[in-house]
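[1] one predicted model, sequence on top.
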Amino acid sequence: MTHDEFEHLLAAHGADVALWPEPARRRAREVMARDPSLAGLLATHAALDVRLARARSAGPGAQDLAAGRRVVARLAALPLPKQDARAPVRWLPSWLLALDLRPAWPSIAALAGMAALGFLAGLSVISPSQLDAAMGDGAHPQVTADLSMIVFEPGPPEESAL
């Protein structure tokens, strides 16, 4: 195990070697026996873990609470900065800013979605034989073209296609 691997395991699993995976735990003990600097690194991380656990369990101290109250009181005493409603969109003309388009966006999005869906459905190619099979043997009109032919044909459509 290299020094970097040991530091990675230390950062990933903490300073308690007993919580490390078994193969890593065994190799870490072997490496610490050979290199005392790793044992010192482990002790440093263990001390840090103890301090963090103590700070987490103790909660904020009286000094921390007093400092927090002073900051909140100072912020409450400051005046609010001047607000400019046009700040994010200064480049837009004022008449456009006066329009309130927010309630209309769901309707516009639904209409755009339906238009896209209609366009895609119109582009789908259905052969006349498939349509004949779907309609049965009864009297039915013959389909000779679809919307994709009208859209993608280079020239004007023939009258018989419409």
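    Everything's here; your move.

[2] where do the strands sit along this protein?
    With DSSP state E as the definition, the chain shows no strands.

[3] quick check: longest helix of it.
    helix 36-58 (DSSP state H).

[4] give me the buried positions along that one.
    Buried residues in helix 36-58, counted by 16 or more other Cβ atoms under 10 Å: Leu38, Leu41, Leu42, His45. (Glycine included, C-beta is placed from N, CA and C.)

[5] any chance of CSV for these, columns pLDDT and distance to Gly113?
    Below are those laid out as CSV (pLDDT from 0 to 100; distance: Cβ to Cβ, whole Å):
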residue, pLDDT, distance to Gly113
Leu38, 86, 61
Leu41, 88, 59
Leu42, 88, 60
His45, 90, 55
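
[6] list of residues touching stretch 39-51?
    The list of residues contacting stretch 39-51 from outside it, by Cβ atoms under 8 Å, 6 or more residues apart in numbering, reads Phe6, Glu7, Leu10, Gly14, Ala15, Asp16, Val17, Met32.

[7] that concludes my questions; thank you for your assistance.
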